[in-house]
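# 3D model of this:
(one chain, ligands or ions: 2)
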Amino acid sequence: MTADIIDGKAFAAGLRNKVAGHVARLVADHGITPGLAVVLVGDDPASDVYVRSKGRMTKAAGMLSVEHRLPADTTQDDLLALVARLNADRAIHGILVQLPLPKGIDEARVLATILPAKDVDGFHISNVGLLAVGQRAMVPCTPLGCILMLREHLGDLSGLDAVVIGRSNIVGKPMAQLLLGENCTVTLAHSRTRDLAGVVRRADIVVAAVGRPCMVTADWIKPGATVIDVGINRTDAGLVGDVDFAGVAAVAGAITPVPGGVGPMTIACLLANTVTACCRANGLPEPMGLTL
Ligand SMILES: Nc1nc(=O)c2c([nH]1)NC[C@@H]1CN(c3ccc(C(=O)N[C@@H](CCC(=O)O)C(=O)O)cc3)C=[N+]21
Ligand SMILES: [Mg+2]
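Ligands and ions are numbered 1, 2, ... in the order given. Okay, the predicted model is just below:
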């Protein structure tokens with residue numbers, strides 16, 4: 001068997017196009033331009049790549065893009081003050097503070113300061129809680145992108161066995177919540193899981209989000225399973241995911257590539273969340289097709 005390649009890059013381009021259509025309508029009919037502020041503290045080169053690409057795509061969708069680049073030695077108070085200014089800024093509908101933050105800055109404190117209505121990452125405790133009880137406020141971008149691709153590829157996910165590998169707050173946990181919301185039977189596996197290979201082998205859907213290059217190998221995969229690779233690992237061999245792509249593609253039914261899979265969808269979902277937040281802030285109906 002050779003897996004279908006789930007083309008996240010093409011899917012993301014379609015979603016960004018839909019976003020651009022909604023933006024054009026907001027501008028033309030209401031004189032409102034959705035605005036996204038991205039805050040980057042320090043000069044991690046990988047973060048710089050993502051932030052630049054977010055800015056470029058935000059502008060290409062017709063939205064306002066504001067970037068705040070702060071030095072690595074920025075104090076927590078200065079960062080909190082910037083977040084407070086963005087909270088109060090009526091031109092800004094979405095705020096993203098790029099993680100991880102430098103040591104010495106309390107990440108939880110910063111995330112808690114972002115207004116939940118502008119929290120387009122979905123990391124504020126309020127949005128985390130709403131997601132957990134099935135009331136969706138802002139859905140985290142990477143898991144949202146994964147669900148959109150899974151629905152597109154599989155249709156109804158009800159009753160499928162899903163295994164998520166990795167229990168981070170930004171991917172693993174919200175991913176498990178969303179899969180539950182799709183009526184999957186969800187296992188959230190992690191580094192202490194016993195017989196991880198055996199657990200993964202039962203899955204119809206595998207989501208790998210651990211940050212270990214090529215950890216998931218062909219012998220872990222049930223023939224025909226759908227494999228979503230969230231990993232972005234820079235190695236001597238270039239950018240690779242958490243899944244051994246060549247091996248797993250020979251067994252799986254479908255697989256997302258790295259690059260060109262989950263990454264582009266994450267950014268497209270960020271733009272979609274910003275438009276959703278903008279509509280809510282202005283009491284306008286939520287555009288269809290931008291969220292679940
Ligand atoms: N508050 C916050 N929210 C985030 O969403 C967030 C963050 N912090 N910190 C860093 C991670 C990482 N991240 C990526 C987004 C897009 C690609 C992406 O588009 N990747 C391309 C390749 C890019 C390349 O070549 O490096 C792809 O997979 O095809 C990757 C990684 C968002 N993150
Ligand atoms: Mg772990």
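# Contact partners for whichever residue of the chain sits closest to ligand 1?
When scored by Cβ to the nearest ligand atom, the chain has residue 263 as its residue closest to ligand 1, at 2.2 Å. C-beta coordinates here come from the backbone N, C-alpha and C atoms, glycine included. Listed by Cβ atoms under 8 Å, 6 or more residues apart in numbering, the contact set of residue 263 reads 8, 232.
# Tell me the residues of the protein that contact ligand 1?
With Cβ under 6 Å from any ligand atom as the criterion, the chain comes near ligand 1 at residues 47, 49-50, 53, 96-99, 121, 141, 232, 239, 258-260, 263-264, 266-267.
# Let's see which of these end up in strands.
96-97, 239 (DSSP state E).
# Among the residues of the chain next to ligand 1, name the buried ones.
Among these, those classed as buried by 16 or more other Cβ atoms under 10 Å are 50, 96-98, 121, 141, 232, 258, 260, 263-264, 266-267.
# and ligand 2, which of the residues you listed reach it?
Applying Cβ under 5 Å from the ion to these, one finds that nothing falls near ligand 2.
# Where is pLDDT lowest across these?
Of all these, residue 50 has the smallest pLDDT value, namely 92.
# Please name the nearest non-neighbouring residue to that one.
Nearest in space to residue 50, with sequence neighbours left out and distances taken as Cβ to Cβ, 6 or more residues apart in numbering, is residue 98 at 7.3 Å.
# That neighbour contacts residue 39, correct?
Yes. Residue 98 lies in contact with residue 39 (Cβ atoms under 8 Å); the separation is 6.5 Å.
# how near is the residue nearest to residue 205 when sequence neighbours are not counted to ligand 2?
In space, and not counting its chain neighbours, residue 205 is closest to residue 162: 4.1 Å by Cβ to Cβ, 6+ apart. Going from residue 162 to ligand 2 by Cβ to the ion, to the nearest Å gives 17 Å.
# same question, residue 197
Applying Cβ to the ion, the value for residue 197 to ligand 2 is 16 Å.
# Quick check: that residue is in a helix.
Yes. According to DSSP: H, G, I helix; E, B strand; the rest coil, residue 197 belongs to a helix.
# neighbours of it, just the number please.
By the criterion of other Cβ atoms under 10 Å, residue 197 has 12 neighbours.
# Check whether it really touches residue 222, as I assumed.
No. Residue 197 lies out of contact with residue 222 (Cβ under 8 Å); the separation is 11.2 Å.
# for the stretch 101-250 of the chain, what spans make up the helices?
Along the stretch 101-250 of the chain, the segments classed as helices by DSSP state H, counting those that start in this stretch run 107-113, 125-132, 141-154, 172-181, 196-200, 245-249.
# starting at the chain centroid, how far to the longest one?
Think helix 141-154. 10 Å (Cα atoms, centre = their mean, to the nearest Å).
# who's in contact with it?
By Cβ under 8 Å, 6+ apart, helix 141-154 touches 4, 6, 8, 11-12, 15, 120-122, 157, 160, 170-171, 174-175, 177-179, 182, 205, 207, 209, 226, 228, 230, 254, 256, 261-262, 265-270, 272-273, 291-292.
# Check the second one too.
The contact list for helix 125-132 (Cβ under 8 Å, 6+ apart) reads 111-112, 116, 119, 122, 136-140, 169, 174, 177-178.
# buried sites along the longest helix belonging to the chain?
Longest helix of the chain, by residue count under DSSP state H: helix 8-30. If you call a residue buried by 16+ other Cβ under 10 Å, then helix 8-30 has these buried ones: 8, 11-12, 15-16, 18-20, 22-23, 26.
# what is the orientation angle of it with helix 141-154?
Orientation check (axes from the mean of the first three to the mean of the last three Cα atoms, to 10 degrees): helix 8-30 against helix 141-154 gives 110 degrees.
# Now do residue 279: how many residues are near it, please.
Neighbours of residue 279 using other Cβ under 10 Å come to 20.
# Next one: residue 181 from residue 18, what distance?
As judged by Cβ to Cβ, to the nearest Å, residue 181 and residue 18 stand 22 Å apart.
# Residue 288 too?
Separation of residue 288 from residue 18 (Cβ to Cβ): 9 Å.
# just the CA coordinates of stretch 21-28, formatted as PDB?
Below are the C-alpha coordinates for stretch 21-28, written out as PDB (Å, rounded to 0.1, in the frame of the first residue of the first chain):
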ATOM      1  CA  GLY A  21     -12.800  36.600   1.000                       C
ATOM      2  CA  HIS A  22     -14.200  37.300   4.400                       C
ATOM      3  CA  VAL A  23     -11.700  40.100   5.100                       C
ATOM      4  CA  ALA A  24     -12.600  41.800   1.800                       C
ATOM      5  CA  ARG A  25     -16.300  41.700   2.800                       C
ATOM      6  CA  LEU A  26     -15.500  43.000   6.300                       C
ATOM      7  CA  VAL A  27     -13.600  45.900   4.700                       C
ATOM      8  CA  ALA A  28     -16.200  46.700   2.000                       C
END
